[in-house]
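Novice: Sequence first, then the predicted structure, then my questions.
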Amino acid sequence: MSILKLRYIFTGYLIISVQGAATEKFINLAIRQGIPLWDIRRGEGQAVLKTDIYSFFDMRHLAAKTGCRLRIVRKAGFPFLWTRMLRRRGLAAGLCLFVVTLYVLSSFILFVSVQGNERLDEEHIRQLAVEAGIRPGLLKSKLDKDEAANRLIDLEPEIAWVGIEVRGTRLVIEVVEKIERPEETDQPAHIVAAKDGIIVDILPITGEVRVKPGDTVTRGQLLIEGVLQPQSQYTREDEEDGTPQAVPIRARGDVLARVWYEGYGEAALTEVDRTRSGRRTITYTLLVEGQPVLRIGRPNVHYADFERDSANRRILERILHFPVELLTETVYEIERTETELTYEQALELAAERARMLAELQLPVDAEITETTVDELDLDREGFVGVRYVIETRENIAEEKLIFTGGD
């Protein structure tokens, strides 16, 4: 019926009031003769309905036959709207002028904004954009995005990439600044453990090794000390007290270790699935500067279980920057269905959930060496628990700067 309603909006339709003791008989006869009726609202001794403009004359004969009276409440649709507008030529001309003005304004760039800049000043980028041919009042058809972006990159060496996007009458310049490379430094540093594990192998380059294969280490523990122990060479200061002094250096090297990642999952012998029943309610809220001014729909939820989705969009965003938003909230009714699982099915489901949680913790370059699945005894009846453990072999070396008293 929604397609028919759309059709009758263009061709025109009538809202009719039917009064009499036999309104139900009148409606049944009209439907039996193929007269299109919709949005029927019955009351005591009367009914209000909608029909097309061509069926009204056929309905008059049915009204006389059933003893009912017909009254046109309102004429709706584009034909009647057009007729009313012709009677108000000034209003129609103003509306046309408004539409033409919006169309003309939408062909120009009225605002220029900058995104992504951190070190560079926004006003500086705007001035460069003017030199590149981007300015408010520019006709959209005259804009060459690629040429303007390349021109901006040439004008500012600190810009690595430029993206230009037109959103309605707003042009957005998105810039990516060049990354400042950290200066190479020889500041002394230790190698410490980035995470807990058991040492497998040590590949030192510089520094003094403080652990050995087989040792259990914790996060932050010293692995390679950033010092150079002198052997036969003494400084002038060393000769005064006869004790060689260790020299702080930047330790380098790799430390391979066995690391474990654990995930826990559980499943019930009776799983509850939540699905949408198809029933929903929609509420529209008009916001002006973030404050609600008009609400259409049913704000109260009458479903026992439901899910809520919301969408927010600006009105006339593609044409003008306007602080008016339309918030659409849709509430879906949820139906619960219970599924009985065997013990083996629940155990498999719990193991899969535990595996996913464990794998989410894995680093990209980790080498998996072994996996272990353990069933757990839970205090809760009707539930199955599983612990999934992944063993990896990875480099846990991490630099930690040594801050000397002279820094």
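Specialist: Structure's in. What do you need?
Novice: In its sheet, which strands sit next to the helix or strand containing Arg274, and in what direction?
Specialist: Taking DSSP states H and E as the definition, one finds Arg274 inside strand 270-288. Using DSSP bridges, the strands paired with strand 270-288 are strand 291-296 (antiparallel), strand 324-340 (antiparallel).
Novice: Please identify the most buried of these.
Specialist: Highest mean neighbour count of those: strand 324-340, a mean of 14 (counted as mean count of other Cβ atoms under 10 Å). Where C-beta positions appear, they are placed from N, C-alpha and C, glycine not excepted.
Novice: contact partners of that strand?
Specialist: With Cβ atoms under 8 Å, 6 or more residues apart in numbering as the test, strand 324-340 has contacts from 269-288, 290, 292, 297, 301, 303, 305-316.
Novice: From these, list just the buried residues.
Specialist: 281, 283, 285, 287, 306 (16 or more other Cβ atoms under 10 Å).
Novice: avg pLDDT for the strand holding Arg274?
Specialist: The pLDDT scores in strand 270-288 average 84.
Novice: quick one: contacts of that strand?
Specialist: With contacts defined as Cβ under 8 Å, 6+ apart, strand 270-288 is touched by 292-299, 301-303, 305, 307, 312, 323-341, 349, 382.
Novice: Find the residue at the geometric middle of this protein.
Specialist: Ala311 (10.9 Å; Cα atoms, centre = their mean).
Novice: residues contacting it?
Specialist: Per Cβ under 8 Å, 6+ apart, neighbours of Ala311: 327-328, 330.
Novice: Flag the shaky bits of the chain, pLDDT-wise.
Specialist: For the chain, applying pLDDT under 70 flags the ranges 1-6, 85, 92, 180-185, 230-244, 289-290, 315-323, 404-407.
Novice: chain center to the strand holding Arg274: distance?
Specialist: The chain centre lies 18 Å from the centre of strand 270-288; the measure is Cα atoms, centre = their mean, to the nearest Å.
Novice: Next: stretch 187-203.
Specialist: With Cα atoms, centre = their mean as the basis, stretch 187-203 stands 39 Å off its chain's centre.
Novice: so Thr392 touches Tyr261, yeah?
Specialist: Yes - contact criterion Cβ atoms under 8 Å: Thr392 and Tyr261 qualify, at 7.0 Å.
Novice: Straight-line length of stretch 337-351, end to end?
Specialist: In stretch 337-351, first residue to last residue: 23 Å (Cα to Cα, to the nearest Å).
Novice: and if you look at stretch 187-200?
Specialist: When the termini of stretch 187-200 are compared using Cα to Cα, they are 28 Å apart.
Novice: Okay, buried residues for that stretch please.
Specialist: Result for stretch 187-200 [16+ other Cβ under 10 Å]: buried residues 188-195, 197, 199-200.
Novice: can you check stretch 69-89 too?
Specialist: Buried residues in stretch 69-89, defined by neighbour count with 16+ other Cβ under 10 Å: 70, 76-77.
Novice: Please apply the same query to stretch 365-376.
Specialist: By neighbour count on 16+ other Cβ under 10 Å, the buried set for stretch 365-376 is Ala366.
Novice: Save the buried residues of stretch 69-89 as JSON lines, and put in secondary structure and distance to Ile109 too.
Specialist: Shown next, in JSON lines, are the buried residues of stretch 69-89 (DSSP: H, G, I helix; E, B strand; the rest coil; distance: Cβ to Cβ, whole Å):
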{"residue": "Leu70", "secondary structure": "strand", "distance to Ile109": "56"}
{"residue": "Ala76", "secondary structure": "strand", "distance to Ile109": "40"}
{"residue": "Gly77", "secondary structure": "coil", "distance to Ile109": "38"}
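Novice: tell me the secondary structure for Met60?
Specialist: One correction, residue 60 is Arg, not Met. Three-state call for Arg60 (DSSP: H, G, I helix; E, B strand; the rest coil): helix.
Novice: residues in contact with it?
Specialist: Leu70.
Novice: related to what we said a few turns ago, got any residues that touch both of Thr392 and Tyr261?
Specialist: Here Thr392 and Tyr261 have Leu362 as joint contacts, going by Cβ under 8 Å, 6+ apart.
Novice: got the residue ranges for the helices in the stretch 201-350 of the chain?
Specialist: Using DSSP state H, counting those that start in this stretch, the helices of the stretch 201-350 of the chain run over residues 236-241, 343-359.
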